[in-house]
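Pasting a predicted model and its sequence here:
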Amino acid sequence: MARIGFIGLGNMGLPMAANLQAAGHEVSGFDLAAQNMDAAAEKGVGKAASVEDCASDADFVLTMLPAGKDTIAVYSSGVLQAAKMGTVFIDCSTIDVTSARRAHDMAKAAGMGSLDAPVSGGVGGAQAGSLTFMAGGSAADFDKSKPALEAMGKRIVHCGDAGAGQAAKICNNMILGISMIGVCEAFVLGEKLGLSHQALFDVASTSSGQCWSITSYCPVPGPVPASPANNDYEPGFAAQLMLKDLLLSQEAAKAVGAATSMGAEAARHYGEFAEAGQGGVDFSGIIKAIRERNS
C-alpha cells in the first residue's frame, strides 16, 4: 500500500480520498476549507497542516482543483520541493492542456513523476469508486500509478504523453454537451408531437439514436430512475461545470485551428443557461431552457 497526499477535498476529491483510504492506502489530505478537512477526517483521511506537509514522504500526490491556475499555484507553492525524489504527482483536475503540460514540466524539473489524469463519472462515480481516468504522461509513471487509480475508478486509460488526458477529457465532454442538447431537443419535440417520454426512450435507447445521454442520464423523469431528472435536476454534474469543459474545448480548438461549430453552439447554449442563474442545476436540466424556447 502507498502513502498518498491528496490536495483538494471538495465534492469530487473527498470521496476519492476516502476510497483510497478504504482500499488500505495511508492518505493525508489538505483543503483550504476547514469543513472539507473535517469531513475527510471522518472518513479516516489524515489532516495535513499544509500542501507541503501533504507531500512529505508521499509516494503519490493527487490534486483535484477547480482550474489550471490553481494547479500551477499548488505546484509553485513549494509542494514539489517538499516531496521526496521520484514521487508521482497526479493532477485529476479538469484544466486546459497548456497548464497541464506546464505542470508536467514543473514536476520533471523537480525530479518528480507526473500524470494529468482527469476523470469522468461525476460525484456519483467518485462516491462509488467507478470513475474513468484519462491519463497523460509516461508509460512508467502510468504503470506505477495504476494501482492507486484503480482504488478510485473502474476504467483507467493511458491516452498518451503529457496533456493527452486533458485532451481526451475535453473531447469527450464536448461530445456529451452536444449530445445532451440533441437529446433534450428530441424529447421536447416528442412532447409537442404527443409522444410519451417512455415511448421515445424505448425506441431511442435501443435504436440508432442511442447514446449515454439517453440510456444513463435521460433528461426527463421516469425512464432512468437514477437520472437527476427524477430529483429536480439536483446536480451530479452541474451546468456550470459543463460550460467550463465546453469553453476548454473551444480554447483548445482555437489553439490548434480546429473547427468545432457544434461544440461552440453547445457552449453558447450552456453559457446562456448559466447566465440565467441555472449554473448550479444539473447539465441535463438544460431541457428546461429548451422547453421555454418552445413555449
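Alright, I've got the coordinates. Residues are numbered from 1 along each chain as shown.

can you give me the strands for the stretch 1-150 of the chain?
3-7, 26-30, 46-47, 60-63, 88-91, 113-116, 119-120, 131-137 (DSSP state E, counting those that start in this stretch).

export the fifth one as CSV, just CAs?
Read it as strand 88-91. Below are the C-alpha coordinates for strand 88-91, written out as CSV (Å, rounded to 0.1, in the frame of the first residue of the first chain):
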residue,chain,number,x,y,z
VAL,A,88,4.5,10.9,-8.8
PHE,A,89,2.2,14.0,-8.9
ILE,A,90,-1.2,13.1,-10.4
ASP,A,91,-3.5,16.1,-11.3
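
In terms of secondary structure, what does it contact?
Counting contacts by 3 or more C-beta pairs under 8 Å, 6 or more residues apart in numbering; DSSP states H and E, strand 88-91 packs against strand 60-63, helix 97-109, strand 113-116, helix 139-150. Quick note: C-beta positions are derived from backbone N, CA and C, even for glycine.

Okay, angle between the second one and strand 131-137 too, please.
In other words, helix 97-109. 60 degrees (axes from the mean of the first three to the mean of the last three C-alpha atoms, to 10 degrees).

Helix 97-109 - contacts with which helices or strands?
helix 68-75, strand 88-91, strand 113-116, strand 131-137, helix 164-192, helix 239-256.

Dig out what the residue lying closest to residue 58 once chain neighbours are set aside forms beta bridges with.
Ranked by C-beta to C-beta, 6 or more residues apart in numbering and with sequence neighbours excluded, the top spatial neighbour of residue 58 is residue 5, at 4.1 Å. Beta bridges link residue 5 to residue 28, residue 61, judged by DSSP bridges.

how about residue 5, what does it touch?
Residue 5 makes contact with 27-30, 48, 54-56, 58, 60-62, according to C-beta atoms under 8 Å, 6 or more residues apart in numbering.

The protein - how does it break down into domains?
3-161, 167-293 (automatic domain parsing).

Could you say which of the ones you listed is packed most deeply?
With neighbours defined as mean count of other C-beta atoms under 10 Å, the domains of the chain peak in mean count at domain 3-161, which reaches a mean of 21.

Can you give me the end-to-end span of that domain?
25 Å (C-alpha to C-alpha, to the nearest Å).

related to what we said a few turns ago, dump the domains of the chain into a markdown table; add mean pLDDT as well.
A markdown table is the format used below for the domains of the chain (pLDDT from 0 to 100):
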| stretch | mean pLDDT |
| --- | --- |
| domain 3-161 | 97 |
| domain 167-293 | 97 |
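
so who does residue 20 touch?
So residue 20 contacts 4, 6, 27, 148, 151-152 (C-beta under 8 Å, 6+ apart).

rerun that using 10 Å as the cut-off
1-2, 4, 6, 26-27, 29, 43-45, 60, 62, 129, 148-149, 151-152 (C-beta atoms under 10 Å, 6 or more residues apart in numbering).

Residue 86 contacts residue 108, doesn't it?
No. Counting by C-beta atoms under 10 Å, residue 86 does not reach residue 108; the two are 11.6 Å apart.

before we move on, the earlier item: can I get the contacts of residue 5 in a markdown table including distance to residue 167?
Shown next, in a markdown table, are the contacts of residue 5 (distance: C-beta to C-beta, whole Å):
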| residue | distance to residue 167 |
| --- | --- |
| 27 | 29 |
| 28 | 31 |
| 29 | 28 |
| 30 | 28 |
| 48 | 31 |
| 54 | 28 |
| 55 | 27 |
| 56 | 32 |
| 58 | 27 |
| 60 | 22 |
| 61 | 22 |
| 62 | 20 |
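
any idea which of the residues you listed is closest to residue 142?
residue 60 (12.2 Å; C-beta to C-beta).

Isn't that closest one up against residue 107?
No. Counting by C-beta under 10 Å, residue 60 sits too far from residue 107 to count as a contact (11.9 Å).

if I look at those two, which residues touch both of them?
Counting by C-beta under 10 Å, 6+ apart, the residues touching both residue 60 and residue 107 are 83, 87-90, 113, 115, 141.

can you tell me which of those lies nearest to residue 250?
Taking C-beta to C-beta as the measure, residue 250 sits nearest to residue 115 out of these, at 24.8 Å.

Thanks a lot, catch you later.
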